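# The following block contains a protein sequence and its predicted model.
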Amino acid sequence: MVDWSLGALAHELGAALRGDADKCICKLQTLRDAGPDSLSFLANTRYTDALAQCRAGALILRPADAGLWAGDALLSDNPYLTYARASRLFEHRPARPAGRHASALIADDAVVAEDVHIGAYVVIGAGVEIAAGSVIEAGCVIGEGCRLGEGVYLAPRVVLYPEVQLGARVRIQSGSVVGADGFGFANDQGRWQRIAQLGRVILGDDVDIGANTCIDRGALGDTVLEEGVIVDNQVQIAHNVHIGAHTAIAACVGISGSTRIGRYCVLAGGVGLVGHIELCDGVHITGMTMVTKSISSPGSYSSGTSFEPSRQWKKTAVRLRQLESMATRLNRLEGMVEQMQTAADK
Amino acid sequence: MVDWSLGALAHELGAALRGDADKCICKLQTLRDAGPDSLSFLANTRYTDALAQCRAGALILRPADAGLWAGDALLSDNPYLTYARASRLFEHRPARPAGRHASALIADDAVVAEDVHIGAYVVIGAGVEIAAGSVIEAGCVIGEGCRLGEGVYLAPRVVLYPEVQLGARVRIQSGSVVGADGFGFANDQGRWQRIAQLGRVILGDDVDIGANTCIDRGALGDTVLEEGVIVDNQVQIAHNVHIGAHTAIAACVGISGSTRIGRYCVLAGGVGLVGHIELCDGVHITGMTMVTKSISSPGSYSSGTSFEPSRQWKKTAVRLRQLESMATRLNRLEGMVEQMQTAADK
Amino acid sequence: MVDWSLGALAHELGAALRGDADKCICKLQTLRDAGPDSLSFLANTRYTDALAQCRAGALILRPADAGLWAGDALLSDNPYLTYARASRLFEHRPARPAGRHASALIADDAVVAEDVHIGAYVVIGAGVEIAAGSVIEAGCVIGEGCRLGEGVYLAPRVVLYPEVQLGARVRIQSGSVVGADGFGFANDQGRWQRIAQLGRVILGDDVDIGANTCIDRGALGDTVLEEGVIVDNQVQIAHNVHIGAHTAIAACVGISGSTRIGRYCVLAGGVGLVGHIELCDGVHITGMTMVTKSISSPGSYSSGTSFEPSRQWKKTAVRLRQLESMATRLNRLEGMVEQMQTAADK
């Protein structure tokens, strides 16, 4: 628990204060849960109704919405962004002081900055470089020749295969595997012959990776995520994928090999992309869409069918397989009707 | 291998014995594989044909089906449930005796009940509480402040982030990650600003979690799975999801943030749910369905299309994109035909 | 980095040499990236255009394509396969010499061949057998009674539950979990009763498993992958699945319990299969297809809808739910038109 005065918060967050600068705020909570010592926020006017019941000590809201709330307030043009910044002030993660746990196994020639935290049972291979301010939690395995920039955070049990490069402030949640062999095989009369995966994985500055995600190393060139890319849990990024800066990838997405995704794209949950295609900048793919071709215009794209009660869905599914014959019948009918009309017109 | 007399099994399982109480049973097997020292079961009359060839020493079946099998039998109104109970009698997992492996690192102020088993290379943070009868297998990492109820089982290499709460008898398979940061970011002129995830994960009594599944901690409030929820492998449960008691979630399901699922629901494999929706009690979603809206009536729901030979499917896919124009043409044709009929009627 | 003379490469790869046998080759690269000390390959004439700019020291290509490239060459009837073989010559993974890291915990009665490499913090249970030439990387957990054939490779942090059997040369990438409990429960008046999973997992020779994949143990019988099956990342293989030899399974596939897949099948990324069905040999399923029934003829199968701009897709989705009524209207119209025509013919 961290205590702030409302005035200090306003200063730290660059928001305009309305009300009691000395009020003590010790929590950040939702409109519904907030109590007198909590800060909350109104980013979406859909939730305006909740204000009547809200007991928050203070609210982050837009100057334009200031009239909706009589209590203490922090006024901000972008309340959601101000909430994001505030959230980091109230994060109370256990301290990870500089130093190496006695059980950490670090290769003699690894270069680890002094203030780095290395947790229990971590294994760090030869030639690894870890820059200042990084935290490597318990049970991580960092392969030979990896390079980690400043302020990297690896949660417990992350695996980096050899030669992975992480930019500054990269964060990776538990269970993720970066740099595993891509799925490359040549077929030899029915038998699969493994193709050694000779490339690397390179993650730019401020890349953020969720839990149990996989990013495979390149087959020949590298797999690259440019700066500021954010990736959720359970995502699969195959060999030689290239993802442009500031693109967001939600959970359970699968991206096949050698596909290129532009900058500022958003892939919603469960999206699948085939290999060797290209998405331009600014493409938004809605949930569970299957992307089978390149996309060269920014905008939103979708596939899939709406859900229905299963009984109706079964009928629709049957009809869908009759669509080809329905189209043929429609053509025929049009011909007949036009002929009849022509005959009638005579 | 555990040996039972058929009589002892009948007693233990609460089933009626027909036949030789002294017969020795040392295995549980399928109808097809069972031999004279095996117990098997008939829960579905679809498999009645297999009885002719079946060499099982004894069978669990319904009293109503008793005439289908001449051999020794355990009669039960719910053979599948009786089989489930029997399966646990024949489970011969390696013993995990009370005690802490010498390599386990346990914070000084952690409170671990005496009979708990802590495996090799486990790391347990400050303030953790683990109740009696729990088993923590090798390589688990348990973050600061977690609380584990009685009889919890963590398979090797489970990660619990700080402040996760597990009810009694919670079981989690290997590789699962509970309490990782949810995927929360605010957009700041194209750049993503991380939102600290301040909530917890709370799993009720008897929750069962598969392998390589992720359950993220809440952003502000908590992510909650009520008692008796069962979850398969490779499932993604985002921040602030709430799942009602006794709901079952099959493999590869993805549930987006803040979605609420009722009690006694079933989500089949590969289902995806968007965020901020609500499913009432008793909803059944069939495999790979995309759920984009709240559901307020119990029952079965589906989406997706039936599979076909790829050549036909390509035609269907093309026609599907013409559906809008087909509908327009159908409207026009109806107009023409009706007009012609009106004219003819005159 | 490994240096080869072009002549030695030709000999090693069984390819015909054209040009300078003494040329030094130290890398394998793409047509675009290759420099004068690199080998590259042309397997697909789609890339012929790239040859004009290509600066590779030598190229692998078909004798029939030899005229397209004036430089040094290795001629092969299957350039992609020759590339696969070459890739292994240029793989420079860190050495994993025979021996056991001091921190590895190996049960007294485990039988581990002398030349096996056991990495740091590995835990090996009672009765485990590991044959010659195997490499077990850091942090793996191998349960009681597992048997590993010759030349097995386990990347860091693989978990094998008890009694898993791996054939010769099986390779498993990080984070994968083999032999976890299948998702088996019986419903007891709304509550789920766990069914103990008594079977094993058996992987044949040369099976190759990606990262963060799950293969569950059988409920009664075993889960089996026959020889030469290749499996990508994030795949879910449920209890009692049986996969025939040389079948390939791409990332994010989910296979439900007791399903049988034939030999030489290919499941593309994101495919889902329901349980208790059977696919014959030689079935190819395209990406994200939902397979709900058995398939008894080889060939390619698909489901799903093409992606479109979201605005159009919404219209299609609405029309799709009207398909049943469109079919009814089409029927009615056909009746009317035919009646009118009959009347006109009189």
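Received it, and whenever you're ready, just let me know what you need. Numbering: from 1, shown residues only, chains lettered A, B, ... in the order given.
# Chain A: helices as residue ranges?
For chain A, applying DSSP state H gives helices covering A:6-13, A:79-89, A:310-321, A:323-345.
# Can you tell me which residues in the stretch 101-250 of chain A are near chain B?
A:103, A:119-121, A:137-139, A:155-157, A:171, A:173-175, A:206, A:208, A:210-212, A:228, A:230, A:232-234, A:246, A:248, A:250 (C-beta under 8 Å from any C-beta of the partner chain). Any C-beta I mention is one placed from the backbone N, CA and C, and that applies to glycine too.
# cutoff 6 Å now
A:120-121, A:138-139, A:156-157, A:173-175, A:211-212, A:228, A:230, A:232-234, A:246 (C-beta under 6 Å from any C-beta of the partner chain).
# And these, which of them are buried?
Buried members of those, counted by 16 or more other C-beta atoms under 10 Å in any protein chain shown: A:120-121, A:138-139, A:156-157, A:173-175, A:211-212, A:228, A:230, A:232-234, A:246.
# quick one: which of those sit in strands?
Assigned to strands by DSSP state E, the following of those qualify: residue A:230.
# restrict the buried ones among the residues of the stretch 101-250 of chain A next to chain B to contacts with chain C.
A:121, A:212.
# Tell me how chain A divides into domains.
A:4-89, A:99-301, A:318-345 (automatic domain parsing).
# among the ones you listed, which is nearest residue C:179?
Residue C:179 lies closest, by C-beta to C-beta, to one member of these: domain A:99-301, at 17.7 Å.
# average pLDDT for the closest one?
Averaged across domain A:99-301, pLDDT comes to 98.
# Identify the residues contacting residue A:157.
The contact partners of residue A:157, by C-beta atoms under 6 Å, 6 or more residues apart in numbering or on different chains, come to A:139, A:174, A:175, B:159.
# Could you check what's spatially nearest to it, not counting adjacent residues?
residue A:139 (4.4 Å; C-beta to C-beta, 6 or more residues apart in numbering or on different chains).
# Residue A:121 is in contact with that neighbour, correct?
Yes: applying C-beta atoms under 6 Å as the test, residue A:139 and residue A:121 come out as touching, 5.1 Å apart.
# Can you pick out the most distant pair from the contacts of residue A:157?
Largest pairwise distance in the contacts of residue A:157, by C-beta to C-beta, is 10.2 Å, between A:139 and A:175.
# From chain C, how far off is the spatially most central residue of chain A?
Residue closest to the average C-alpha location in chain A (C-alpha atoms, centre = their mean): residue A:231, at 2.9 Å. From residue A:231 across to chain C, the span is 13 Å (C-beta to the nearest C-beta, to the nearest Å).
# tell me, how many neighbours does residue A:217 end up with?
Summarising burial for residue A:217: neighbours were counted as other C-beta atoms under 10 Å in any protein chain shown, giving 23.
# That one reaches residue A:201, doesn't it?
Yes: with contact defined as C-beta under 6 Å, residue A:217 counts as touching residue A:201 (5.2 Å).
# Overlap in contacts, the two.
What both residue A:217 and residue A:201 touch, as defined by C-beta under 6 Å, 6+ apart, is the set residue A:179.
# Just the pLDDT for the residue sitting furthest away from the middle of chain A.
Most distant residue from the mean C-alpha position of chain A: residue A:346, 67.1 Å away (C-alpha atoms, centre = their mean). What the model reports for residue A:346 is a pLDDT of 73.
# give the contact list for it.
Contacts of residue A:346 (C-beta under 6 Å, 6+ apart): none.
# What's the separation between it and residue C:143?
Using C-beta to C-beta, to the nearest Å, residue A:346 is found at 87 Å from residue C:143.
# Make sure residue A:106 is actually in contact with residue A:124.
Yes: between residue A:106 and residue A:124 there is a contact at 4.5 Å, judged by C-beta under 6 Å.
# between those two, which one's more packed in?
residue A:124 (24 against 19).
# mind checking how far that one is from chain C?
10 Å.
# residues near the residue lying closest to residue A:81 once chain neighbours are set aside, how many?
In this structure, residue A:81 finds its nearest non-sequential neighbour in residue B:186, 4.5 Å apart by C-beta to C-beta, 6+ apart. By other C-beta under 10 Å, the residues close to residue B:186 number 19.
# Now do the contacts for residue B:186.
Contacts of residue B:186 by C-beta under 6 Å, 6+ apart are A:80, A:81, A:84, B:193.
# With residue A:179 instead?
If a contact means C-beta under 6 Å, 6+ apart, then residue A:179 has A:160, A:161, A:164, A:201, A:217 as its contacts.
# Which of these has the largest number of neighbours?
residue A:160 (33 neighbours).
# Quick check: residue A:96 vs residue B:72, distance?
The value you get for residue A:96 to residue B:72, if C-beta to C-beta is used, is 62 Å.
# more neighbours, those two?
The residue with more neighbours, out of residue A:96 and residue B:72, is residue B:72; 19 against 15, by other C-beta under 10 Å.
# quick one: the more buried one from residue A:191, how far?
On the measure of C-beta to C-beta, residue B:72 and residue A:191 end up 48 Å apart.
# now residue A:134
44 Å.
# swap in residue A:326?
From residue A:326 to residue A:191 the distance is 45 Å (C-beta to C-beta).
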